[in-house]
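Participant: Sequence and predicted structure below; questions after.
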Amino acid sequence: MANLYTLSLTRCCWGVMAICTLLYSTLSKAADSDVTFTYPKGARNAISLTFDDARTSQVTVAIPLLNRYKVKGTFYVMPSKVAENLSLWQGAVKQGHEIGNHTNEHLCTGNFAWLREKNQGLEQVDLAYIERDITYTTEYIEKHLGVTPRSFAYPCGNTFVGRGENVKSYVPIIAKHFDSGRTWLDESANHPTYTDFAQLTGIRMDGLSFSTIKNYLEQLRANNSWIILAGHEVGEGGMYTVDSEMLEALIPYLQDPKNGYWLDTVSNVGDYIKAKRAQ
Ligand SMILES: [Zn+2]
């Protein structure tokens, strides 16, 4: 709730910045007092870096970069893409990065022509079809990468099959097979004592500069939230590319204890939050 307040304030108050700043800081303080959830080493927030689709630049650019900072990422992979760089992905597992399931068919809404034309828009398939694709992907990861994925990312952030009155959610399938599922293009971070692990939110990091992300994090970090950043290609520029220079600035910022972040994989943070909830 506090995040909605702060985001709408940010949007509506451009014309009255002084009043806005006052209101914003008052609400931020109220929001921070809403929950006192602590993370390892006294961090105020948890944060995870996640990457979708097993794109080549993830193993050639992102993973070497993360390794230099001793940071572990979460990579939601598709078997057809892993096969293009199998030995590099096997290396990523050995280096401790988390491998999640992103399906093989990557079904999204059929508003994308490339799916609609194959009769593979989510509006055109059923739950059994989706579950087969998910199971195939888990078996592929177990066989070729030697790990069982515990986390899932919904392709395009879509969580349904069918249309209109016949729409069905496939969130329950994800809750059954995985410890967590992450959506995409969300506007709020995860409240540690409230969020549903089957629909963790994912915040875009593609195409953004360090200063933009830093400002965004300040808005998202109320309530000791867990912020999951999500991206695709890694390198230079582009709407679906995480800027590697941004990562080179962001990671040291997140690792500096005075900034109050705990940076770890989705499953490591998820395990920590679940254990604390159970206390
Ligand atoms: Zn994807």
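Facilitator: Looks like it arrived, so ask away.

Participant: and residue 46, what element?
Facilitator: Per DSSP states H and E: residue 46 is located in strand 45-52.

Participant: For residue 1, give me the pLDDT.
Facilitator: Residue 1 carries a pLDDT score of 36 in this model.

Participant: swap in residue 18?
Facilitator: Residue 18 is given a pLDDT of 40.

Participant: got it, and residue 63?
Facilitator: For residue 63, pLDDT reads 98.

Participant: can you check the one 5 residues further on too?
Facilitator: Here, the pLDDT recorded for residue 68 equals 98.

Participant: All the helices of this structure, in order from the start?
Facilitator: Here the chain has its helices, by DSSP state H, at 2-12, 17-34, 56-57, 63-68, 79-82, 86-94, 113-116, 127-145, 171-177, 210-220, 244-255, 266-278.

Participant: and those, which is most packed in?
Facilitator: helix 79-82 (a mean of 20; mean count of other C-beta atoms under 10 Å). Every C-beta, even on glycine, is put in place using the N, C-alpha and C of the backbone.

Participant: That one - what's its average pLDDT?
Facilitator: On average, helix 79-82 scores 98.

Participant: go on, stretch 161-170?
Facilitator: The average pLDDT within stretch 161-170 is 98.

Participant: Relative to the whole chain's centre, how far out is that stretch?
Facilitator: 24 Å (C-alpha atoms, centre = their mean, to the nearest Å).

Participant: and what of stretch 71-80?
Facilitator: 11 Å.

Participant: What residues does the stretch 51-200 of the chain have near the ion?
Facilitator: Neighbours of the ion within the stretch 51-200 of the chain, by C-beta under 5 Å from the ion: 52-53, 155.

Participant: please redo it, this time with the cut-off set to 6 Å
Facilitator: Contact residues, the stretch 51-200 of the chain versus the ion (C-beta under 6 Å from the ion): 52-53, 102, 106, 155.

Participant: Return the distance of the spatially closest residue to residue 144 that is not a sequence neighbour relative to the ion.
Facilitator: Of all residues not flanking residue 144 in the chain, residue 86 sits nearest, at 6.3 Å (C-beta to C-beta, 6 or more residues apart in numbering). As judged by C-beta to the ion, to the nearest Å, residue 86 and the ion stand 19 Å apart.

Participant: what's the answer for residue 199, then?
Facilitator: 16 Å.

Participant: Could you give the number of residues near that residue?
Facilitator: Neighbour count of residue 199, defined by other C-beta atoms under 10 Å: 20.

Participant: dump the residue contacts of the closest residue to residue 92 other than its chain neighbours.
Facilitator: Nearest non-adjacent residue to residue 92, counting by C-beta to C-beta, 6+ apart: residue 63, 5.2 Å away. Contact partners of residue 63, counting by C-beta atoms under 8 Å, 6 or more residues apart in numbering, are 73, 88, 91-92, 95, 97.

Participant: let's see it at 7 Å
Facilitator: Residues counted as contacts of residue 63 (C-beta atoms under 7 Å, 6 or more residues apart in numbering) are 92, 95, 97.

Participant: Could you export these as CSV, including pLDDT?
Facilitator: Below are the contacts of residue 63 laid out as CSV (pLDDT from 0 to 100):
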residue, pLDDT
92, 98
95, 98
97, 98
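
Participant: Output those in TSV, with distance to residue 198 appended to each entry.
Facilitator: Shown next, in TSV, are those (distance: C-beta to C-beta, whole Å):
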residue	distance to residue 198
92	25
95	28
97	23
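
Participant: neighbours around the residue lying closest to residue 129 once chain neighbours are set aside, how many?
Facilitator: Spatial nearest neighbour of residue 129, excluding adjacent residues (C-beta to C-beta, 6+ apart): residue 161 at 7.5 Å. Residue 161 is flanked by 22 other residues according to other C-beta under 10 Å.

Participant: before we move on, the earlier item: any idea which of the helices of the chain gets closest to residue 47?
Facilitator: Among the helices of the chain, helix 244-255 comes nearest to residue 47, with 6.0 Å by C-beta to C-beta.

Participant: which strands and helices sit next to that closest one?
Facilitator: helix 210-220, strand 261-263 (3 or more C-beta pairs under 7 Å, 6 or more residues apart in numbering; DSSP states H and E).

Participant: Which of these sits closest to the ion?
Facilitator: Proximity to the ion (C-beta to the ion) singles out helix 210-220 among those, at 20.1 Å.
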